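K.L.:
After the sequence you'll find the predicted model.
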Amino acid sequence: MKKYFRILIGLVAILVVLLMGLFPPWREPSVRTVLKSVFKKKGSGQSSFKVPETSFPISDRKTNISKYSALLDRVKRFDRTVDFKELRYAYTETPEYKPYDKGKKVKELILRDLEQKQYQQALKQALSRLEKNYVDIVAHLVCRRSYQNLNDSKKAEFHEYVELGLIDSILKSGDGLRPETAFKVITVDEEYILLGFLGLKCEGQALLKIEGHAYDRLEVKHGRTGRKKVLFFNVDIPMKWIRKTLQKETK
């Protein structure tokens, strides 16, 4: 009986992820419009890609919490030598890491405030999110745009440094053209943020499991040229979080 219960739990987890694929973040027209506007001035999307490592680093949770704190301190001191990939991965080993955050509606409201030029309100909400998750790219984006419009160039520059550092660390993790060279993400949000940065829109999504690894397969279309392609994102880290969470709940 216990065996069948575990199988049932596993099926439920798969169903949850599939449903998230059917209803990914920022598919509502108003939010897509905001993302398009906030990203349109940030580069051409070109980057020096490389084939990613075959596996994620595994280390003790306490060590990673300390590592995350040390890296975060360097980021806040505007240390341009920080490895943002290390920062993102270290964050996944902290208690605050929740890749399937239920804050989607909150993000939509923050982006709406930004679109409606309510910069102080948008900034307040974005800074509040950063207190819990400093690798939240959307929050840094909102801070950058808000500070720019509030004529605080120094703080705008800082949040741009973090925002682009986080995005670049995803771009450098692979080229996304094949499962073995997939972009490595720590949340589904990162997939759609990267699409926005590259001027792409998602037209279809599927969850794949290949040789022990989990991938999101996204059918995308370029907003300007209309060109279509398929991109792959390695979602091993968020899937690992789901398994651990389910194990805790069944004990």
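P.N.:
Yes, it's here. Numbers count the residues shown, from 1 in each chain.
K.L.:
use CA for all of it now, contacts and neighbours both
P.N.:
Fine.
K.L.:
Just the element for the nearest residue to residue 91 once chain neighbours are set aside, please.
P.N.:
Spatial nearest neighbour of residue 91, excluding adjacent residues (C-alpha to C-alpha, 6 or more residues apart in numbering): residue 68 at 5.8 Å. Element membership for residue 68 (DSSP states H and E) is helix 61-76.
K.L.:
Tell me which residues are up against that helix.
P.N.:
Residues from elsewhere that reach helix 61-76, judged by C-alpha atoms under 8 Å, 6 or more residues apart in numbering: 82, 87, 90, 91, 93, 94, 134, 162.
K.L.:
Phi first, then psi, for the fifth one.
P.N.:
With angles defined as degrees, to the nearest 10, residue 93 shows backbone torsions of phi -100, psi 10.
K.L.:
Mind pulling the model confidence for it?
P.N.:
The score at residue 93 is 93. That number is its pLDDT.
K.L.:
burial count for it?
P.N.:
Residue 93 is flanked by 22 other residues according to other C-alpha atoms under 10 Å.
K.L.:
quick one: it from residue 183, how far?
P.N.:
Using C-alpha to C-alpha, to the nearest Å, residue 93 is found at 20 Å from residue 183.
K.L.:
can you list contacts of the helix or strand encompassing residue 131?
P.N.:
For residue 131, the element it lies in under DSSP H and E is helix 119-132. Helix 119-132 is contacted from outside by 96, 110-111, 113-114, 136, 139-140, 142-143, 146-147, 149-150, using C-alpha under 8 Å, 6+ apart.
K.L.:
If you rank the contacts of helix 61-76 by neighbours, which is first?
P.N.:
Result: residue 91 is most packed of the contacts of helix 61-76 (other C-alpha under 10 Å), 26 neighbours.
K.L.:
Residue 186 touches residue 238, doesn't it?
P.N.:
Yes - if you go by C-alpha atoms under 8 Å, residue 186 and residue 238 touch, sitting 5.8 Å apart.
K.L.:
between the two, who's got more neighbours?
P.N.:
Neighbours were counted for residue 186 and for residue 238 using other C-alpha under 10 Å; residue 186 has more, 25 against 20.
K.L.:
Output the lowest mean pLDDT helix or strand found in this structure.
P.N.:
Ranked by mean pLDDT, DSSP states H and E, the weakest helix or strand in the chain is helix 29-39, scoring a mean of 40.
K.L.:
any weak-confidence spans in the stretch 1-150 of the chain?
P.N.:
Residues of the stretch 1-150 of the chain meeting the criterion pLDDT under 70: 1-64, 102-103.
K.L.:
Which helix or strand contains residue 141?
P.N.:
helix 137-149.
K.L.:
Just the CA trace of the next helix or strand after that helix, in CSV.
P.N.:
Next in sequence after helix 137-149, counting helices and strands by DSSP H and E, comes helix 153-171. Extracted C-alpha coordinates of helix 153-171, given in CSV (Å, rounded to 0.1, in the frame of the first residue of the first chain):
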residue,chain,number,x,y,z
SER,A,153,21.7,56.9,-11.6
LYS,A,154,24.0,55.3,-9.0
LYS,A,155,21.4,52.9,-7.7
ALA,A,156,20.1,52.3,-11.2
GLU,A,157,23.6,51.3,-12.3
PHE,A,158,24.0,48.9,-9.3
HIS,A,159,20.7,47.0,-10.1
GLU,A,160,21.6,46.9,-13.8
TYR,A,161,24.9,45.3,-12.8
VAL,A,162,23.1,42.6,-10.8
GLU,A,163,20.3,42.1,-13.4
LEU,A,164,22.6,41.6,-16.3
GLY,A,165,25.1,39.6,-14.3
LEU,A,166,22.3,37.1,-13.4
ILE,A,167,21.0,37.0,-17.0
ASP,A,168,24.5,36.5,-18.4
SER,A,169,25.2,33.6,-16.1
ILE,A,170,22.2,31.8,-17.6
LEU,A,171,23.3,32.6,-21.2
